[in-house]
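Q: Build me a model:
(2 chains)
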Amino acid sequence: MSTTLSYTLVITGAPWASQAPQSALAVARELIQANHRIDRVFLYGEGIHLASALSTPPSDERNWPREWSEFLAEHSIPAVACVASALRRGLVNDAEQARYELPASNLRAPFEIAGLGEWVEGTMKSDRVLYFHGSI
Amino acid sequence: MSTLIVVDQAPYGSWAGREALDMTLSLAAFDQPAALLFIGAGVNWLRQQQAPEGIGQKSLEKNLSAAPIFGVETIMASASDCQRYGLTDANTLAGVVTVDDTKAAMAGYEQVAFAG
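A: Numbers count the residues shown, from 1 in each chain, chains lettered A, B, ... in the order given. Below is the predicted model:
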């Protein structure tokens, strides 16, 4: 009998600049397939670009932000972009748009914006924390 | 749950190390045991008299000096990498512990994460 584990996935590499979001999605799909649980996906640093609603790759290329969104929604997995990383790089939700009086918001559902505390909670509560980095 | 954050990239060239420091401080803010290990070019974080004003960046030296105040228990550096980059007691931030065996240092923590 196999043991069910809970996971937090941390993605720090951006789509198209790195393979991190793609690798993380492949692992996430296998985890669900094997009846493990994903507590949360946490986007940090360059990884926050995965949560942009505006990414528009050519139609014959894989759309990693959309594929991730669909996967998260299908399995009701919470996903959070770090607020400090996001604001620096121009990823904002409606609340941050209002707070900083910005001309637009661009956070893709079902991603949310929150603090590093969400990652800390993952390190405390999940059985495993996996990191998907960009190029080093 | 004790966590070791490993920084292996030189300061200022990217935000990855700076964001790794934020992760470490965040753990400490939630009363989670946290430590830093600098290896490879990352040991240059620990150099005294950093002067990043010329490239329009804030000093990491200041942030790092504050880490113990915020509850980051240990700051370690690879002894051989310090030697390679010319870091000695005379030009290294106070309170840094040099380690000969980084593998053994990592083994002392339940979780180890690298800066992105």
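Q: Count the residues that sit near the residue of chain B found nearest chain A.
A: Scanning chain B for proximity to chain A using C-beta to the nearest C-beta identifies B:Gly116 as nearest, at 3.3 Å. Placement of C-beta: from N, CA and C, glycine included. Residues lying near B:Gly116 (other C-beta atoms under 10 Å in any protein chain shown) number 27.
Q: do A:Leu102 as well
A: If we define neighbours as other C-beta under 10 Å, then A:Leu102 has 13 of them.
Q: what about residue 114, how many residues close to it?
A: In the absence of a named chain, this looks at chain A. Applying other C-beta under 10 Å, we find 16 residues neighbouring A:Ala114.
Q: wait, I meant chain B there
A: 19.
Q: got a list of what the residue of chain B closest to chain A touches?
A: A:12-13, A:44-47, A:131, A:133-134, A:136, B:16, B:19-20 (C-beta atoms under 8 Å, 6 or more residues apart in numbering or on different chains).
Q: Which ChimeraX command selects the buried ones in those residues?
A: Buried subset of the contacts of B:Gly116, written as a ChimeraX selection, criterion 16 or more other C-beta atoms under 10 Å in any protein chain shown:
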select /A:12,13,44,45,46,47,131,133,134 /B:16,19,20
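Q: From the contacts of B:Gly116, which land in strands?
A: In strands, judged by DSSP state E, the following of these are found: A:Tyr131.
Q: which residues does the spatially closest residue to B:Asp100 that is not a sequence neighbour contact?
A: In space, and not counting its chain neighbours, B:Asp100 is closest to B:Ala79: 5.1 Å by C-beta to C-beta, 6 or more residues apart in numbering or on different chains. Going by C-beta under 8 Å, 6+ apart, B:Ala79 touches B:Thr98, B:Val99, B:Asp100.
Q: Give me the spatial nearest neighbour of A:Glu46, chain neighbours excluded.
A: A:Ala14 is the one closest to A:Glu46 (C-beta to C-beta, 6+ apart), at 4.0 Å.
Q: Tell me how far the one you found lies from chain B.
A: A:Ala14 sits 10 Å away from chain B, going by C-beta to the nearest C-beta, to the nearest Å.
Q: which residues does that residue contact?
A: The neighbourhood of A:Ala14, defined by C-beta under 8 Å, 6+ apart, consists of A:Ala20, A:Pro21, A:Glu46, A:Gly47, A:Ile48, A:His49, A:Leu50, A:Gly134.
Q: Give me the phi and psi for the second one.
A: As for A:Pro21, its main-chain torsions (degrees, to the nearest 10) stand at phi -60, psi -40.
Q: Check the first one too.
A: A:Ala20 has phi and psi values of phi -50, psi -50 when expressed as degrees, to the nearest 10.
Q: Tell me if I'm right that it and A:Gly13 touch.
A: Yes: counting by C-beta atoms under 8 Å, A:Gly13 is a contact partner of A:Ala20 at 2.8 Å.
Q: For the two, list the residues in contact with both.
A: Residues touching both A:Ala20 and A:Gly13 (C-beta under 8 Å, 6+ apart): A:Gly47, A:Phe132, A:His133, A:Gly134.
Q: tell me which residues of stretch A:97-110 are tucked away?
A: A:Asn106, A:Leu107, A:Arg108.
Q: right, I mislabeled it, should have said stretch A:52-68
A: Taking 16+ other C-beta under 10 Å as the criterion, stretch A:52-68 shows A:Ser52, A:Ala53, A:Ser55, A:Trp64, A:Pro65, A:Glu67, A:Trp68 as buried.
Q: Confirm for me that the fifth one is in contact with A:Ile11.
A: No: shown here, A:Pro65 and A:Ile11 do not form a contact pair, counting by C-beta under 8 Å, at 11.4 Å.
Q: Not counting sequence-adjacent ones, nearest residue to the residue of chain A found nearest chain B?
A: Nearest residue of chain A to chain B (C-beta to the nearest C-beta) works out as A:Thr12 at 3.3 Å. Spatially, and ignoring its direct neighbours in sequence, A:Thr12 is nearest to B:Gly116 (3.3 Å; C-beta to C-beta, 6+ apart).
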